[in-house]
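Participant: Sharing a model that was predicted from the sequence below.
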Amino acid sequence: MEIDFSRISLSDNTRANEILEVILSFARQDFDKKVKIIGDDNLLDGIGSGVNMLGEELQHSTISLKEKEQLLKEIHHRVKNNMQIISSLLSLQSDGVEDEKVLSLLRESRNRINSMALVHEMLYKSHNLSQIALKEYIESLSVTVRRSYALPDSVIEFCYDIGDDIYFDIDKMIPIGLILNEAISNSLKYAFPDKKGCINISLESKETKYTLIISDNGTGLREDFDVELHSHLGIQLIHMLTEQLDGKVTLESKAGVNYSICF
Amino acid sequence: MYIKICIILKGNERTLSLYLYSMQIPGTAIELRAYYTWMGDDGIGRTCVKPNVDITLEDAISNTRAVTALYVDRKFPLLIDSRSVKSMSYEARHHFAVRDRETKANAFGIIIGSSISRVLGNFYLGINKPSVPTRLFDKETEAIQWLKQFVKNGN
């Protein structure tokens, strides 16, 4: 519908400005203002009534969106809490255990659960509830995993080369977190018999492709170590999780171990 | 019957127009705060908005009750004269969209006329998207003509 502005009177002009004020307040998500409907069957009465209805619809959509966000936060919070309960139960169960092998299995399971719980924790703390900053996640995860191995006299450094602007959603973050957990755990367990060394984690990105590199400067794999033959659960998991990312993993052992995951 | 007089400014000219907005209300019509509702002899239900009312959810619900009572065991089309409406609340609009409730009406023919009823009608169709066939009309006769097809299939 075209409006002939030459036919708009001074009082219409004032009303048009009032309508504009109301539209601007809607844009600021302030839905208290409404256009006053005079009931004179003026065109601006119709426009004003449409603006009022649009404001009501926007207000309800905004409320509904906020409620959904709140619900999503609550779900992530509960998932994280439930995972922490499972982790604590495993911790309690390991209290009376003396067998080193069983203790190690329980600790590995706990770390895997914690790496997933951290994803949910960071999601409900994030602004958009759907993406996590990879750098922040890796820094937190490294601290948690290192603490779990309780290496009091060790001097193991973590070096990161990850951009601040790299974010992933939960579907990518869970496998990435578990891969990191396995690789870091392996380094902490086997790479540094003299309790000194460095673990490097970097992420290179090229358009939509990423290469995650986790490496250490430790002793490296034994010369007779065959990835195919030694069906170590951690390495199996890394392969499986890389497949989930539609990626490819390369494991090298020169001056230390180097996992390169392209996805 | 409601008659509304509008003065339209056309450049320097002033024209006095007379609009006859409302349908004939029979004596048997159910009178509500915001509506008159009745069943026509042609099997088409009718509901007419009273002049200058702000329709609330309560008005919408009481009108639905009145419409439902028109026929006990049959579905029928409904002619809605909205030409005198002043405003309709968000809740009332959503109630009339018939999304989560049973209705006796199998089609809505809405008569529009004033600028508000025109905007409201189009808004209702475009945003609220009623779940039964709905069309807007400028003329009552055209609306009745369209609604007649639903009387035949209205069981």
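Facilitator: Yep, it's here. Note that the coordinates shown come from a computational prediction; the quantities given were computed from them, not determined experimentally.
Participant: Helices of the stretch 151-263 of chain A, start to end?
Facilitator: Along the stretch 151-263 of chain A, the segments classed as helices by DSSP state H, counting those that start in this stretch run A:170-186, A:233-244.
Participant: tell me what the last one is packed against?
Facilitator: Think helix A:233-244. helix A:170-186, strand A:248-254, strand A:256-262 (3 or more C-beta pairs under 8 Å, 6 or more residues apart in numbering or on different chains; DSSP states H and E). (C-beta placed from N, C-alpha, C; glycine too.)
Participant: which one of the helices of the stretch 151-263 of chain A is the most hemmed in?
Facilitator: helix A:170-186 (a mean of 22; mean count of other C-beta atoms under 10 Å in any protein chain shown).
Participant: any idea of the mean pLDDT in that one?
Facilitator: Regarding helix A:170-186, the rounded mean pLDDT is 91.
Participant: Okay, angle between that helix and helix A:233-244 too, please.
Facilitator: Here the directions of helix A:170-186 and helix A:233-244 differ by 160 degrees (axes from the mean of the first three to the mean of the last three C-alpha atoms, to 10 degrees).
Participant: So which elements touch helix A:170-186?
Facilitator: By 3+ C-beta pairs under 8 Å, 6+ apart, helix A:170-186 packs against helix A:100-125, helix A:134-148, strand A:209-216, helix A:233-244, strand A:256-262.
Participant: how about the residues of chain A near chain B?
Facilitator: The interface of chain A toward chain B, taken as C-beta under 8 Å from any C-beta of the partner chain, is made up of A:6-7, A:9, A:37, A:39-43, A:45-47, A:49-50, A:52-54, A:56-57, A:59-60.
Participant: Next step: the residues you listed restricted to helices.
Facilitator: Within the residues of chain A next to chain B, residues falling in helices by DSSP state H are A:43, A:45-47, A:49-50, A:52-54, A:56-57, A:59-60.
Participant: Out of those, which comes closest to chain B?
Facilitator: residue A:46 (2.9 Å; C-beta to the nearest C-beta).
Participant: Not including adjacent chain positions, what is the nearest residue to that closest one?
Facilitator: Counting by C-beta to C-beta, 6 or more residues apart in numbering or on different chains, the nearest residue to residue A:46 once its immediate chain neighbours are dropped is residue B:115, at 2.9 Å.
Participant: thinking the one you found is in contact with residue A:38, fair?
Facilitator: No: Residue B:115 is beyond contact range of residue A:38, at 11.2 Å (criterion: C-beta atoms under 8 Å).
Participant: which of the two has more neighbours?
Facilitator: Comparing residue B:115 with residue A:38 by neighbour count (other C-beta atoms under 10 Å in any protein chain shown), the higher total belongs to residue B:115, at 20 against 13.
Participant: Kindly state the pLDDT recorded for the more buried one?
Facilitator: The model reports residue B:115 with a pLDDT of 89.
Participant: Kindly report the same for residue B:101.
Facilitator: In this model, residue B:101 is scored at 79, pLDDT.
Participant: Now do the same for it: helix, strand or coil?
Facilitator: Of the three states, residue B:101 takes coil according to DSSP: H, G, I helix; E, B strand; the rest coil.
Participant: In chain B, which residue sits nearest chain A?
Facilitator: The minimum distance from chain B to chain A, using C-beta to the nearest C-beta, falls at residue B:115 (2.9 Å).
Participant: picking that back up, are any of the residues of chain A next to chain B buried, and if so which?
Facilitator: A:37, A:39, A:41-43, A:45-47, A:49-50, A:52-54, A:56-57, A:59 (16 or more other C-beta atoms under 10 Å in any protein chain shown).
Participant: Contacts only, for the residue of chain B closest to chain A.
Facilitator: Residue B:115 sits next to A:41, A:42, A:43, A:45, A:46, A:47, A:49 when contact means C-beta atoms under 8 Å, 6 or more residues apart in numbering or on different chains.
Participant: In TSV, list these along with distance to residue A:148 and pLDDT.
Facilitator: Below are the contacts of residue B:115 laid out as TSV (distance: C-beta to C-beta, whole Å; pLDDT from 0 to 100):
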residue	distance to residue A:148	pLDDT
A:41	74	74
A:42	72	80
A:43	71	85
A:45	69	87
A:46	67	90
A:47	64	91
A:49	63	91
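Participant: Determine which two of these are furthest apart.
Facilitator: Using C-beta to C-beta, the pair of the contacts of residue B:115 lying farthest apart is A:41 and A:47, separated by 12.3 Å.
Participant: Nearest residue to the middle of chain B?
Facilitator: Computing the C-alpha centroid of chain B and ranking residues by C-alpha atoms, centre = their mean puts residue B:80 first, at 2.0 Å.
Participant: what helix or strand is that residue on?
Facilitator: Using DSSP states H and E, residue B:80 falls within strand B:76-81.
Participant: So in that sheet, which strands flank that strand, and in what orientation?
Facilitator: Sheet pairing of strand B:76-81 (DSSP bridges) gives strand B:45-49 (parallel), strand B:105-111 (parallel).
Participant: Sketch out the low-pLDDT regions of the stretch 101-250 of chain A for me.
Facilitator: Across the stretch 101-250 of chain A, residues meeting the criterion (pLDDT under 70) sit at A:150, A:226-231.
Participant: Kindly reformat the strands paired with strand B:76-81 as TSV containing mean pLDDT.
Facilitator: Output for the strands paired with strand B:76-81, formatted as TSV (pLDDT from 0 to 100):
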stretch	mean pLDDT
strand B:45-49	95
strand B:105-111	94
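Participant: For residue 90, grab the count of nearby residues.
Facilitator: I went with chain A, as the question did not name one. 18.
Participant: Wait, chain B was what I had in mind.
Facilitator: Residue neighbour count, defined by other C-beta under 10 Å, stands at 16 for residue B:90.
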